[in-house]
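**Q** 3D model of this:
(chains A and B)
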Amino acid sequence: MNIHEYQAKDLLRAEGVPIPPGETATTPEQVEAIAKKIGGMVVVKAQVHTGGRGKAGGVKLAKTPAEAREIASRILGMKINGLTVYTVLVTAAADIASEAYVGIILDRATKKPVFMVSPAGGIDIEEVAAKTPDKILKLPIDTRYGLQPYQASELGFFLFDDVKKVRAAAKIMTQLYQAFMKNDASLAEINPLVVTTSGEVLALDAKISVDDNALDRHPELAALRDETAEAPSEVQARNANLTFIKLDGDVGCVVNGAGLAMATMDLVKYYGGEPANFLDIGGSSNPEKVVNALRIITADPSVKVILFNIFGGITRTDDVANGIVTATKANPLKIPIVIRLTGTNEEIAMKILQENGFSASSDMDQAVEKAVALAKGGKAA
Amino acid sequence: MSIFIDRHTTLIVQGITGRDGGFHTKQMIEYGTRVVGGVTPGKGGQKFENAVPVFNTVHQAVEQTGANTSVIYVPPMYAADAIMEAADAGIKFIVAITEGVPVLDMTRVYPFVKEKGARLLGPNCPGLITPGESKVGIIPGRICTPGNIGVVSRSGTLTYEVVYQLTRAGMGQSTCVGIGGDPINGTNFIDCLAAFETDPNTKAVAMMGEIGGTDEQDAATFVKERMTKPVVGFIAGQTAPPGRRMGHAGAIISGSSGTAAEKIESFRAAGMGVAKRPIDFVELLKERM
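**A** The predicted model follows:
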């Protein structure tokens, strides 16, 4: 789960990371008032879950409260990478002498959190890694012992020569690591970490992603989720315990299991169609899930055909068949449906479907081909 | 022969009295797996289905039954502890089925298990099956048939799909292993490929990867440099958008890395067969055997 910059900064402040003061606002009037309170130059920053905010014009410097208000009126409501800006962060501007990058990512190869620091800050770290890998120091951390002082110091010395700045940076590393661990993060980043003209070391921007698997033990973090930043269908799906990701095509897919769901989308593409979504109804047998899945998919006007692909292992295919019958009785379908199911209780499922006027196949390729043909307005093969 | 489990495997089930644990224990016993005990703290002394002794701790279970393998069905917040308990009790092969284990927990568990000299499979995996001999986990037994194809995959139902197609085509399996969809797991593709390479009963390997990470690319390098047996690969998620977690916690394209195209290219470069559809495994494996 991604959280906003201002939320990430709050989590870092809680560990003692030095960050210029700031407040969030949803109207230009509020922005003006906050700018007045902070005094001096401020930065108005769009709060959306995407990179490239600066390039898109979502981050602007303002000399006066009136200018801050005027800037906010342009940023609020603007779209950045398809996401509408509803909130801005107004924060004191810093006089920047130099910028560095500090981040911790969960690294799959070493199976550890890895610190990445670079004196080339403020820009895309992937680009730095590709073009000038010697400008990045990577340091895996054994979470059983945590970040040791000598490691924090090593990271600091990679960024600065001046011992005072090294110490300040090392302290921030320790605080960032604490925030990473305490909040079950999969990513925690300060970009840029700046040195001001007066020699202070400050975090100007922050990004934290929280491990979805850990949200159950962090209700306070789960509460930070901003549902306005997500597609409404995805919010609805999550509340129904379904994994759903909206895509641009017209073949609505309902599948059990993530791997098979991806493979089904790929097969739609293979036969010349475009999948409308990724949807995994999961492993459990529950007709209710099928009802919810159908509701979410049919709410999308671009979907021209519904494709079920169920391989019954733990999932009982008769439960899925019952779900299809229940859902379509309550809300008759206006678009065609193609059903493929095989596995546990297949014979019972086929019987239920036939009795209710549905046909089903046990072959995946056949079903996908048929769904693609229907989406294109052709006759079923 | 087979890899990791066979007819001699003696299994304990951690979480045997839970809903999932109980259901799958019955299925495993029915398949012929030697389930010698179960563990549920506080229920020691009971008998599961009037037959399988339940213990309070894994140490007790190992001491009394001599089990060498454990399968874990406990809820996600307790899974890390259960894995460590098994490793500490001397279990050498631990299969964690549990989905949704916090990833940072695994950063502590993985080195612990390794230092104990044990192998962990999973978490968030369907387990494994050696057809006709033993199954540990949740893979439906009736879709498998004994034979010479080794199967290894990051997913559950996609594995079933491919195994089902192989079985229908008369191509049996030596062992089918699901390594799981999490970013940090105990056993990776290379571990399984290396085991299949030395297993005399495996003649070829079907490998199903997905987007995210570099495990498949590393596996391709291993195939090229170390394997004599043919390997056919498939990557799920060719149509997945970047930056989105596709169900599995590990199935995510980060920035420009971990794409299906990059993985498929590494398969080609290693001389592996590339299945575009699950059904393609049948022909591609036949050609190479």
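
**Q** contacts only, for the one residue in the stretch 1-150 of chain B that gets nearest to chain A.
**A** The nearest approach of the stretch 1-150 of chain B to chain A comes at B:Pro102, 3.9 Å away (CB to the nearest CB). C-betas here are computed from N, CA, C, even on glycine. Going by CB atoms under 8 Å, 6 or more residues apart in numbering or on different chains, B:Pro102 touches A:Asp184, A:Asp211, A:Asn213, A:Ala214, A:Arg217, B:Pro76, B:Met77, B:Ala80.

**Q** so for it, what's the pLDDT?
**A** If you check B:Pro102, the pLDDT there is 97.

**Q** could I get the contacts of B:Pro102 as TSV with neighbour count, pLDDT and secondary structure?
**A** Conversion of these to TSV gives the following (neighbours: other CB atoms under 10 Å in any protein chain shown; pLDDT from 0 to 100; DSSP: H, G, I helix; E, B strand; the rest coil):
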residue	neighbour count	pLDDT	secondary structure
A:Asp184	20	98	coil
A:Asp211	23	95	coil
A:Asn213	24	93	helix
A:Ala214	23	96	helix
A:Arg217	12	96	helix
B:Pro76	19	95	helix
B:Met77	16	96	helix
B:Ala80	23	98	helix
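
**Q** any chance of JSON lines for these, columns distance to A:Leu279?
**A** Formatted as JSON lines, the contacts of B:Pro102 follow (distance: CB to CB, whole Å):
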{"residue": "A:Asp184", "distance to A:Leu279": "26"}
{"residue": "A:Asp211", "distance to A:Leu279": "22"}
{"residue": "A:Asn213", "distance to A:Leu279": "20"}
{"residue": "A:Ala214", "distance to A:Leu279": "24"}
{"residue": "A:Arg217", "distance to A:Leu279": "27"}
{"residue": "B:Pro76", "distance to A:Leu279": "22"}
{"residue": "B:Met77", "distance to A:Leu279": "26"}
{"residue": "B:Ala80", "distance to A:Leu279": "30"}
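
**Q** B:Cys125: which of the residues you listed is nearest?
**A** Nearest to B:Cys125 among the contacts of B:Pro102 is B:Pro76, at 13.3 Å by CB to CB.

**Q** and the closest residue to that closest one other than its chain neighbours, backbone torsions?
**A** Among residues not flanking B:Pro76 along the chain, B:Gly100 sits closest, at 3.8 Å (CB to CB, 6 or more residues apart in numbering or on different chains). Per-residue torsions, B:Gly100: phi 90, psi 20 (degrees, to the nearest 10).

**Q** count of neighbours near B:Gly100?
**A** 18 (other CB atoms under 10 Å in any protein chain shown).

**Q** cool, A:Asp226 as well?
**A** For A:Asp226, the count of nearby residues is 16 (other CB under 10 Å).

**Q** for it, list the residues it contacts.
**A** Contacts of A:Asp226 by CB under 8 Å, 6+ apart are A:Ile3, A:His4, A:His49.

**Q** from B:Thr159, how far out is the residue nearest to B:Pro76?
**A** In this view, B:Gly100 and B:Thr159 are 19 Å apart by CB to CB, to the nearest Å.

**Q** which residues of the stretch 151-300 of chain A lie near chain B?
**A** Contact residues (CB under 8 Å from any CB of the partner chain) of the stretch 151-300 of chain A with chain B: A:181, A:184, A:186, A:211-214, A:216-217, A:243, A:245, A:247, A:255-263, A:265-270, A:275, A:278, A:280, A:283.

**Q** quick check: PyMOL command selecting the buried ones in the residues you listed.
**A** A single PyMOL command selects the buried members of these (16 or more other CB atoms under 10 Å in any protein chain shown):
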select buried, chain A and resi 181+184+186+211+212+213+214+243+245+247+255+256+257+258+259+260+261+262+263+265+266+267+268+269+270+275+278+280+283
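
**Q** which ones among the residues of the stretch 151-300 of chain A next to chain B map onto strands?
**A** A:Ser186, A:Thr243, A:Ile245, A:Val255, A:Phe278, A:Asp280 (DSSP state E).

**Q** quick one: pLDDT of the third one?
**A** Read it as A:Ile245. Looking at A:Ile245, its pLDDT stands at 92.

**Q** which residues touch the closest residue to it other than its chain neighbours?
**A** Using CB to CB, 6+ apart and skipping the chain neighbours, the partner closest in space to A:Ile245 is A:Phe278 (4.2 Å). Shown in contact with A:Phe278 (CB under 8 Å, 6+ apart): A:Thr243, A:Phe244, A:Ile245, A:Leu247, A:Cys253, A:Ala261, A:Met262, A:Met265, B:Ala240, B:Arg244, B:Met246, B:Gly247.

**Q** for chain A, what's the nearest residue on chain B?
**A** Chain B approaches chain A most closely through B:Ser155 (2.2 Å), counting by CB to the nearest CB.

**Q** got the phi/psi numbers for that residue?
**A** Main-chain dihedrals, B:Ser155, degrees, to the nearest 10: phi -120, psi 170.

**Q** strands of the stretch 201-350 of chain A, start to end?
**A** A:201-203, A:206-210, A:243-246, A:251-255, A:277-280, A:305-312, A:337-343 (DSSP state E, counting those that start in this stretch).

**Q** kindly reformat these as JSON lines containing distance to A:Ala130.
**A** Shown next, in JSON lines, are these (distance: least, CB to CB, whole Å):
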{"stretch": "strand A:201-203", "distance to A:Ala130": "25"}
{"stretch": "strand A:206-210", "distance to A:Ala130": "20"}
{"stretch": "strand A:243-246", "distance to A:Ala130": "27"}
{"stretch": "strand A:251-255", "distance to A:Ala130": "35"}
{"stretch": "strand A:277-280", "distance to A:Ala130": "29"}
{"stretch": "strand A:305-312", "distance to A:Ala130": "38"}
{"stretch": "strand A:337-343", "distance to A:Ala130": "42"}
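
**Q** for the one residue in the stretch 151-300 of chain A that gets nearest to chain B, which non-adjacent residue is closest in space?
**A** Using CB to the nearest CB, A:Gly259 is the residue of the stretch 151-300 of chain A that sits closest to chain B, at 2.2 Å. The shortest distance from A:Gly259 to any non-neighbouring residue, by CB to CB, 6+ apart, is to B:Ser155 (2.2 Å).

**Q** repeat that for A:Met1.
**A** A:Val210 (4.8 Å).

**Q** same check, this time on A:Ser73
**A** Nearest residue to A:Ser73 in three dimensions, chain neighbours excluded: A:Pro28, at 4.3 Å (CB to CB, 6+ apart).
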